[in-house]
Every structure is written in C-alpha cells, then in structure tokens.
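Novice: Generate a structure from the sequence data that follows.
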Amino acid sequence: MNMDQLKRQAAARALEEVRDGMQLGLGTGSTAKHFVELLGERVAAGLKVIGVPTSEQTRADAERCGVPLTTLDEVDHLDITVDGADEIDPALNLIKGGGGALLREKIVAAASDRMIVIADDTKWVPTLGKFPLPVEVIPFGLGATRRAIEKAFAECGVSGQMAVRKGKDGHVFVTDGGHWIVDAQLGRIEDPASLAKALSAIPGVVEHGLFIGLASSAVLAGAEGIRVIERRKPKGD
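Specialist: Below you'll find the predicted structure:
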C-alpha cells in the first residue's frame, strides 16, 4: 500500500465520526484533501454538513467536491476539525504549517469542539523538531523579529538554522494572509509548550506551527492498519 492510500485510509476513518448536521473545519494538505473528497461523496449521497476551509486551496477543493461552505463569522462553533500534521508526538502536540496554512488552521482548530488529526504513521515521532518549525511573520522589521526568535530559541534550549521560505518559483512564499514564513531546523524540541509561549510573545510573529493541546485524537494509517490515539486529559481538564 502506497503513502497516498494510507492517507486516504486515515481520512476514511475520520469520516466515520461525522454526523448529519455537523459544522466542520476542513484542513489543508494532501491528507486533508482526501478527507474533503470523501466528504464530498457523502454529501452527494445526502449527508447534510457545512464546512469552514482553512485555506484558499481547500476552499477550491471543497467547492469542486460539492461540500457546502460557511465562515466563522456565520457560525458560532465547529463540531469537528479534521486536518493533517507534519509531526505528532505522544502527547498529541503537533508541528503543522508545511503547506503554509498554519494561521487559518489554528484559528479553525481552536474554534472546534474536537480536532481529529489524520496522517500516515511516518508522522508519529517521539519528540517534535525534526520537521522544520514554521513561524509565520510580518515582513516589516523581519531582522528584529528573527533576532527575537533566536533569543526565544536560546531561552528554550533549542537552536538551528532559520530560512525564509521560498515558493516553487524561487520567490518568497506568501501565505493566504499576506505574511511570510521562517522555517527553523531545530532537530529536537524538548519542551514544545514553553517554546510555543515564547514565540507567541514576539510582536512580529503572527503565529507558529506548534499546536499544543488542540488535537483530541490522531488517526494513523500504516502497514499494520489504522491506529487511533486519544489525547489523555489532565486532571481537572
């Protein structure tokens, strides 16, 4: 079974959680695209749902597949968001943003009662950080922002090369929100929650790819089949 088939298996398992009348967050990326396509088939067969896309690409995919869309201005909450991830650790903390949609993805995930992460099992890691951490930044004052990011890294015990992301055309990649992305090769992030907090405090940082405590469950597809991992809730949560 190839990687694409594994991704589709994970998407199909997540679709089993969707019920008539739900308001859904629709993720971005190759695995999330499978979910949108399978959801479109269910909608064509009579399922009544409405979705909020996390990128212009997902909006186009959903429209092509016949999935009705809305916005977070028109609905007060979402029942489930289904999205992929670049890395998932055992606490279900994530690195996301390889596709550049991390800001809208995080807004939508935070507005959802549950976030189901779908992925092939190569995304499951003991410690986050091998995948470059995306940090979405304002282009203005980028030098000052990069210095502040380096300081935050040092305070959190991580370090690594940073580079402004380029698109396939060789020009600077621009997000749907008009921002740039700095990718940081950190290797290992021992305390992702502390790093997330430190990065969020930097004025020039719009958002970052650390998703802490947002995922409710992960659906991982591998050669052995499907694994579903539920996030353990701390006492009092």
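Novice: Figure out how far the lengthiest strand in the chain is from the centre of its chain.
Specialist: For the chain, the strand that runs over the most residues, judged by DSSP state E, is strand 112-120. In this view, strand 112-120 has its centroid 9 Å away from the chain centroid, taken as Cα atoms, centre = their mean, to the nearest Å.
Novice: So which residues make contact with the following helix or strand past that strand?
Specialist: Reading on from strand 112-120 to the C-terminus, the next helix or strand found by DSSP states H and E is strand 133-137. Residues outside strand 133-137 that contact it (Cβ atoms under 8 Å, 6 or more residues apart in numbering) are 95-98, 100, 102-103, 145, 149, 165, 175, 177, 179-184, 186, 189, 199, 204-210. Bear in mind the C-beta positions are built from the backbone N, C-alpha and C, glycine included.
Novice: those helices in this structure, which residues are they?
Specialist: Under the criterion DSSP state H, helices of the chain are mapped to 3-15, 30-44, 56-65, 102-110, 142-155, 192-200.
Novice: Between those, which one is closest to Q161.
Specialist: Among those, the nearest to Q161 by Cβ to Cβ is helix 142-155 (10.7 Å).
Novice: For the closest one, C-alpha coordinates in PDB please.
Specialist: Extracted C-alpha coordinates of helix 142-155, given in PDB (Å, rounded to 0.1, in the frame of the first residue of the first chain):
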ATOM      1  CA  LEU A 142      12.000  40.900   9.800                       C
ATOM      2  CA  GLY A 143      15.600  41.400  11.100                       C
ATOM      3  CA  ALA A 144      14.300  42.400  14.500                       C
ATOM      4  CA  THR A 145      11.800  39.600  14.500                       C
ATOM      5  CA  ARG A 146      14.400  37.000  13.600                       C
ATOM      6  CA  ARG A 147      16.700  38.200  16.400                       C
ATOM      7  CA  ALA A 148      13.800  37.900  18.900                       C
ATOM      8  CA  ILE A 149      13.100  34.400  17.600                       C
ATOM      9  CA  GLU A 150      16.700  33.400  18.100                       C
ATOM     10  CA  LYS A 151      16.600  34.700  21.600                       C
ATOM     11  CA  ALA A 152      13.400  32.700  22.300                       C
ATOM     12  CA  PHE A 153      15.100  29.600  20.900                       C
ATOM     13  CA  ALA A 154      18.100  30.100  23.200                       C
ATOM     14  CA  GLU A 155      15.900  30.600  26.300                       C
END
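Novice: which residues touch D183?
Specialist: Taking Cβ under 8 Å, 6+ apart as the test, what D183 contacts is 132-135, 162-163, 165.
Novice: and P234, what pLDDT?
Specialist: P234 is assigned 57 on the pLDDT scale.
Novice: change the start of the numbering to 39 and stick with it
Specialist: With the count now opening at 39, the last piece we talked about shows up as P272.
Novice: Pull the contacting residues for the most centrally placed residue in the chain.
Specialist: The centre of the chain sits closest to K134, judged by Cα atoms, centre = their mean, with a distance of 4.2 Å. For K134, the contact set (Cβ under 8 Å, 6+ apart) comprises 121-124, 140, 143-144, 172, 247, 249.
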